[in-house]
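**Student:** task: produce atomic coordinates for the following.
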Amino acid sequence: MLQRNRISSRMALAAAALAVPQLALATTGTSFTGVATANPKAPGIAVGNVLTRELIESRLVQGSNPIENGTSAIPFYGYRGDGPMLPPPGAQQSPGSNVEATKTEPDKNTYLVLPGQHGPDPSYVYGTHFVFQGHETGGLGHITRVNLDADAAHRVTLMATQDNLGNNLPVFDGSTWDPFCRRLLFTFEGGSSGGVWQATLGFPSTVVDISGYLGRGGYEGIQNDYDGNLVIVEDVGGPSGTLYTHAKQPNSFLYRYVPTHPADLTQGGRLEALQVMSNSNPGQPIAFHAGQADADILSQDIADLHTYGLSFATHWVTIHDTAIDGTAPFNANALAKAALATPFKRPENGQFRPGTGFAEFCFSETGDTNALTEAGSQYGGFGSILSWTRTAGSATDGTLKLVYRGDIDHTGFDNVAFWSADQLVAVEDRGDGLHTQHNALDSAFAIDVGADYGNPATPPPVRILAQGRDPSATLDSGLSGVGGNGFQNEGDNEITGIHVSDGNPRLNGLMGATIPTPFSGGWRVFYTQQHGENALLEILPNPH
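**Tutor:** Residues are numbered from 1 along each chain as shown. Okay, the predicted model is just below:
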C-alpha cells in the first residue's frame, strides 16, 4: 500500500504541475476542413484513402514486408506462410490447401520511445522509436515490433509466438504499455477464452497469461489510470432477438482491475464491473436479462442510455477478489451479469480524457453493424460514444452520460484516441456487410466531447479520413465466400489502432496524463489499415 500511495502522490504532483498548461490548451485542437462523404463500395473497384486537406499519410510498413527473424509459418509482417500472397487465376480452395496466404491483421498500436533495445541481429543498432502490435487473425498469435529507425532488413521483429509455459499465443486485439509494472499488455477478444497477457520489452519477449487475476472475457481496450488501475473494455456480441432479428442484446461490460501492487499485477487484486443505475426504475441497476433479448434490445433503460442530456449514477461492483477467490481463470462476463453490472452494445475501446486528472473516461460502442437494426439510433443500434466521470473523493462512484449517438452515417465506432483535450478521434469498423448495405466504407471522425450534439444547431462530427480499399482487399472482398470456394481472408479495409502518443514510457507518459499536441513535442499519430495489404500508416501534417 505504501508503494501505491507513493506512486499516486507522484502522479498527483505531476498532474498539479501540468494544471496551468492543460487549462490553457483545453479548448485547442486542430481545425479540420473535413471530408464530405465516405468512399463508396463498388464490386471490383479499388479506391484510395481520402484525408482532410490538413493531413497526409505515410506508409511505414505493409503486410508483404519480411520479418527479420521470421519463421516458415510467420515469414511476413501481415501474411502467414501457408500460401501465395495472391491466388492464381481460377484457383479453387480445397481442404488442407490454401490458394492464398492467411492474413494476420496487425491491430492496436502501442508507440514507445526506448533506448537500448536489441533484436535478433546483435551487431545492429535498432534505434529508439518502436511500434508494438499483436495480430488479430491467422490462427497463430504473435507479437511484432516495428523498428521505425531501422532499415528494410531490420524493419520488423518477431518478438514472441509462445508464452512462458510454451503455450501458443492467442490472436491479440488490444494493447497498451503499463508503466507501473513496465510490461506491454495485450488483450484477446476471445469471450470465455479471452483475457490479458503481459509481455516484457526485451528481445525475445517473455509473455505471461495473467487471466487468473484479470479474468477471461472478450477484452479489447485496456488503459491505466493514475493509481495503476486498469480499465478494460469488453466486446462480446449478444444474442439476436426473436422479434428484432437484426439487433442484438447488450452483452458486454466495462471492467476495472485494482491491483494490490501496481508494480506487479500478479500479486493479486480486485476485478470490478461498472453498474449503471436506472433513471426510469429508481434504485435498480440496468442489468442483463437472460432469455429476454427482445425486451432488453428495446428497453426504456437502453433508450435512456442513448438519450442526450440524461445522467446516470454509477458504481464499480467487485466481481472477483484474488484474496478471497484465488487465481484460477474465471469467466468475467458471467460474474458481471451475476453482480447486476450493466451491459453495453459492444463497447470496444476507451481513453481517459486529458486534463481531467483521470476522472473522465470516454469509450465507444460499436452497435449492431446492420443497417436493418430495429434498435436504430434511439436504442444504440448504430453505436455511440459514452463518458464515465468519477465522483470527486469517491473510489467507486461516478456518473455516465451520452457524448454522441451514432446514426447510419456515423456508426460502428471501434478504436478511439484523443487528438487534443476535447477532440476524440473515433474510427469505424462497419464490416463488409454494412459497407454493402449502405454503400459506404469506413471513416474516422473528430468528435468534440464537450459539444452538445443533442442541439440540432451543433455541427456533426468532422470526417478526417474516408478509408478506401486497396487492390488486395478488393480482391478478397470479391472472393470471400463466393460459390463455396472457402477463401479465408476478410474483404474491405478496416481502420484500426488509431494512436496519438509521444511514446513516453514513464508514469507521466500515461495516456491521458498530458494534453496531446500532434506533430509537435514528439507527438505522432498512427493507424493500421487492416485487411488487404495490412499497412501501418503514420498521419502527418500537410506541408502544402
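**Student:** now residue 529, nearest residue through space, not along the chain?
**Tutor:** residue 535 (4.7 Å; CB to CB, 6 or more residues apart in numbering). All C-beta spots, glycine's among them, are computed from the backbone N, C-alpha and C.
**Student:** could you report the distance from residue 268 to residue 325?
**Tutor:** Taking CB to CB, to the nearest Å as the measure, residue 268 falls 10 Å from residue 325.
**Student:** hang on, the earlier thing: got a pLDDT number for the residue nearest to residue 529?
**Tutor:** Per-residue confidence at residue 535 stands at 98 (pLDDT).
**Student:** ok, it - how many residues close by?
**Tutor:** 24 (other CB atoms under 10 Å).
**Student:** any idea how far it lies from residue 173?
**Tutor:** Counting by CB to CB - residue 535 and residue 173 are separated by 18 Å.
**Student:** element containing residue 334, please.
**Tutor:** Counting by DSSP states H and E, the element that carries residue 334 is helix 332-338.
**Student:** centre of the chain to that helix, how far?
**Tutor:** Centroid separation between helix 332-338 and its chain, computed with CA atoms, centre = their mean, to the nearest Å, is 21 Å.
**Student:** buried sites along it?
**Tutor:** Judged by neighbour count using 16 or more other CB atoms under 10 Å, the buried positions of helix 332-338 are 332-333, 335-337.
**Student:** before we move on, what about stretch 229-244?
**Tutor:** Buried, per 16+ other CB under 10 Å, within stretch 229-244: 229-238, 240-241, 244.
**Student:** now, which of these sits nearest residue 284?
**Tutor:** residue 238 (20.1 Å; CB to CB).
**Student:** kindly provide the distance from the closest one to residue 289.
**Tutor:** In terms of CB to CB, residue 238 sits 11 Å off from residue 289.
**Student:** tally of neighbours for the nearest residue to residue 117 once chain neighbours are set aside?
**Tutor:** With sequence-adjacent residues excluded and distances taken as CB to CB, 6+ apart, residue 117 is closest to residue 126, at 5.2 Å. Around residue 126 there are 22 other residues, counting by other CB under 10 Å.
**Student:** can you pull the pLDDT of residue 126?
**Tutor:** 98.
**Student:** wait, doesn't it sit right on residue 120?
**Tutor:** No - Residue 126 is beyond contact range of residue 120, at 9.9 Å (criterion: CB atoms under 8 Å).
**Student:** overlap of the contact sets of these two?
**Tutor:** Common neighbours of residue 126 and residue 120 (criterion: CB atoms under 8 Å, 6 or more residues apart in numbering): residue 157.
**Student:** returning to that earlier point: between the buried residues of helix 332-338, which is nearest residue 434?
**Tutor:** residue 333 (24.9 Å).
**Student:** which outside residues touch the strand or helix carrying residue 198?
**Tutor:** With elements taken from DSSP H and E, the one containing residue 198 is strand 195-199. Strand 195-199 has contacts (CB under 8 Å, 6+ apart) with 143, 159-160, 163, 169-170, 172, 178, 181, 183-188, 205-211, 214-217, 219, 222, 232, 265, 329.
**Student:** that older thread, report the secondary structure state of the residue nearest to residue 117.
**Tutor:** coil (DSSP: H, G, I helix; E, B strand; the rest coil).
**Student:** list the contacts of it.
**Tutor:** Per CB under 8 Å, 6+ apart, neighbours of residue 126: 117-119, 147, 149-150, 154, 157.
**Student:** repeat that with 7 Å
**Tutor:** 117-119, 147, 150, 154 (CB atoms under 7 Å, 6 or more residues apart in numbering).
**Student:** residue 301 in helix, strand or coil?
**Tutor:** Per three-state DSSP, residue 301 ends up helix.
**Student:** what ranges do the helices span in the stretch 301-450 of the chain?
**Tutor:** 322-325, 332-338, 431-438 (DSSP state H, counting those that start in this stretch).
**Student:** is it possible to export the ones you listed to TSV including distance to residue 389?
**Tutor:** Formatted as TSV, those follow (distance: least, CB to CB, whole Å):
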stretch	distance to residue 389
helix 322-325	28
helix 332-338	21
helix 431-438	31
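**Student:** distance check, the most far-flung residue of the chain relative to its centre against residue 77.
**Tutor:** Seen from the C-alpha centroid of the chain, the residue lying at the greatest distance (CA atoms, centre = their mean) is residue 90, 37.2 Å away. Separation of residue 90 from residue 77 (CB to CB): 28 Å.
**Student:** residue 147 now?
**Tutor:** In terms of CB to CB, residue 147 sits 12 Å off from residue 77.
**Student:** more crowded one of the two?
**Tutor:** residue 77 (25 against 22).
**Student:** so how far is residue 537 from residue 56?
**Tutor:** 10 Å.
**Student:** please apply the same query to residue 288.
**Tutor:** Distance from residue 288 to residue 537, by CB to CB: 38 Å.
**Student:** one more: residue 106?
**Tutor:** In terms of CB to CB, residue 106 sits 11 Å off from residue 537.
**Student:** CA atoms only for the helix or strand containing residue 59, dumped as PDB, please.
**Tutor:** Using DSSP H and E, residue 59 falls within strand 55-61. What follows is strand 55-61, C-alpha atoms only, in PDB (Å, rounded to 0.1, in the frame of the first residue of the first chain):
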ATOM      1  CA  LEU A  55      -3.400  15.900 -43.200                       C
ATOM      2  CA  ILE A  56      -1.500  13.400 -45.300                       C
ATOM      3  CA  GLU A  57      -0.400   9.900 -44.500                       C
ATOM      4  CA  SER A  58       2.800   7.900 -44.900                       C
ATOM      5  CA  ARG A  59       3.000   4.100 -45.200                       C
ATOM      6  CA  LEU A  60       5.600   2.800 -42.700                       C
ATOM      7  CA  VAL A  61       5.300  -1.000 -43.400                       C
END
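**Student:** elements contacting that strand?
**Tutor:** Applying 3 or more CB pairs under 7 Å, 6 or more residues apart in numbering; DSSP states H and E, one finds that strand 55-61 contacts strand 535-541.
**Student:** ok, the strand it packs on: who's next to it in the sheet?
**Tutor:** strand 55-61 (antiparallel), strand 524-530 (antiparallel) (DSSP bridges).
**Student:** out of the contacts of strand 195-199, which are buried?
**Tutor:** 143, 159-160, 163, 169-170, 172, 178, 181, 183-188, 205, 207-211, 214-217, 219, 222, 232, 265, 329.
**Student:** do you know how far residue 170 is from residue 146?
**Tutor:** Taken as CB to CB, the span from residue 170 to residue 146 is 21 Å.
**Student:** still on that earlier bit, hmm, who's touching the strand holding residue 59?
**Tutor:** 49, 51, 77, 146, 148, 155-156, 464, 535-542.
**Student:** likewise for stretch 406-413?
**Tutor:** With CB under 7 Å, 6+ apart as the criterion, stretch 406-413 contacts 364-367, 369, 371, 377, 382-385, 426, 428-431, 434, 438, 445, 460-461.
**Student:** residue 335 and residue 317 touch, don't they?
**Tutor:** No - when contacts are counted by CB atoms under 7 Å, residue 335 is not listed as touching residue 317 (9.9 Å).
**Student:** next, the closest residue to residue 143 other than its chain neighbours: secondary structure please.
**Tutor:** With sequence-adjacent residues excluded and distances taken as CB to CB, 6+ apart, residue 143 is closest to residue 159, at 4.4 Å. What three-state DSSP gives for residue 159 is strand.
**Student:** picking that back up, the helix holding residue 334 - contacts with which helices or strands?
**Tutor:** strand 311-321.
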